[in-house]
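A.B. asks: Provided below for reference: sequence and predicted model.
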Amino acid sequence: MRFAVSPMWEVGPSLRLLASRQAHPVHRPWVEQVRPRVAAAGLDRGWLAELVPPSGYVPDFINPAPAGPAPTLADELAAIRATPAERVRRDLDRLRARRGGGLGPRLRALYADPATGLVRLTEAVEAYWDVALAPYWARIRALLDADVLHRARRAAEHGTASVLNDLHAEVRWAAGALRLDRRPRGLDRRTAGSGLLLIPSAFTGPGLFTRVAPPDPPQLAYPARGIGTLWAARPGPSSDALAAVLGRSRTLLLIELAAPASTTELAHRTGLSPSAVSQYLTALRDAGLVSAHRAGRSVLYARTAAAEAVLAPLARAGMDR
């Protein structure tokens, strides 16, 4: 049994959330920011809309088994492009049967020519990632890593059974067997593939997602701990100490980037000129504190994990005062 953090396990569930058009008690801030950008880029239709239905089965090949504990999106997209043609067609046959109807035009093209279709599909995934998830990945990744750390510590202190029984309400370990409640199809160790992959996710919702595609190990994607705090407003850091190092304007921009924003948005919110904002963002990006992500005709800037680490002690200090 091992844990892994998987970018692709955030892609499918987050797409479903955007398509649901329902208010979400946790992810509403993210939805309100991302949905207009996704629609403007045309990513709410096309390849991804055909491949990820609002509910039910999603083709297994879009969630390849992570080779390590933290594959990059590029790693997973390469694995998707390397999917054998027979597996692609088998999964699409299953999708067609589950839907009770035909495939869309893009999936029919994928069925006819998997090698070419997978390239087009992964290009669409990459475009969606850049708009919807990459600007927020530092925050999401911190949540997922914290979940893995907590459960790894629990396994060391209390054993694997304790981890499994605390994983999800639908998972039970008893009498040497792992039982999954409410799974529509039975799961047998002799045919499921060896090992077990546990994957925390920010967007799976309250349910449990499974992927069983031998010879890969079964994957269980479950809601990560602390999801309720993912988008919660955080106390603003005391900027004086950081401003002494970075300068007041650069520090102000870092604080404003609690949510990803464009140069124009930052200029409007801070009162700085667009040219000054662009210059400061370039410096912050060169220092590894800010990342840039293409979103249609604009570029969104976001704090990196390094920036979050720099700001966290200052925020705690502000709370203590």
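C.D. replies: Structure's in. What do you need?

A.B. asks: need the contact list for Pro7.
C.D. replies: Pro7 is in contact with 71-73, 76, 129, 133, 137, counting by C-beta atoms under 8 Å, 6 or more residues apart in numbering. Where you see a C-beta, it was placed from the backbone N, CA and C, and this is true even at glycine.

A.B. asks: how about Leu167?
C.D. replies: Counted by C-beta under 8 Å, 6+ apart, Leu167 has contacts 151, 198, 220, 222.

A.B. asks: same deal with Arg28?
C.D. replies: Trp231.

A.B. asks: tell me the pLDDT of the residue nearest the centre of the chain.
C.D. replies: Centroid-nearest residue in the chain, with C-alpha atoms, centre = their mean: Glu10, separated by 3.0 Å. Looking at Glu10, its pLDDT reads 95.

A.B. asks: is it correct that it is in contact with Leu133?
C.D. replies: Yes. Contact between Glu10 and Leu133 holds when scored by C-beta atoms under 8 Å: they sit 5.9 Å apart.

A.B. asks: a helix runs through Pro200, doesn't it?
C.D. replies: No. Applying DSSP: H, G, I helix; E, B strand; the rest coil, one finds Pro200 to be strand, outside a helix.

A.B. asks: what about it, distance to Ser162?
C.D. replies: According to C-beta to C-beta, to the nearest Å, Pro200 stands 17 Å off from Ser162.

A.B. asks: higher neighbour count, these two?
C.D. replies: Taking neighbours as other C-beta atoms under 10 Å, Pro200 and Ser162 compare with Pro200 leading, 27 against 14.

A.B. asks: so what sits opposite the more buried one in the bridge?
C.D. replies: Applying DSSP bridges to Pro200 gives these bridge partners: Tyr222.

A.B. asks: next up, the contacts around it.
C.D. replies: Taking C-beta under 8 Å, 6+ apart as the test, what Pro200 contacts is 3, 5, 143-144, 147-148, 221-225.

A.B. asks: mind checking pLDDT for it?
C.D. replies: 95.

A.B. asks: kindly report the same for Glu50.
C.D. replies: On pLDDT, Glu50 comes in at 92.
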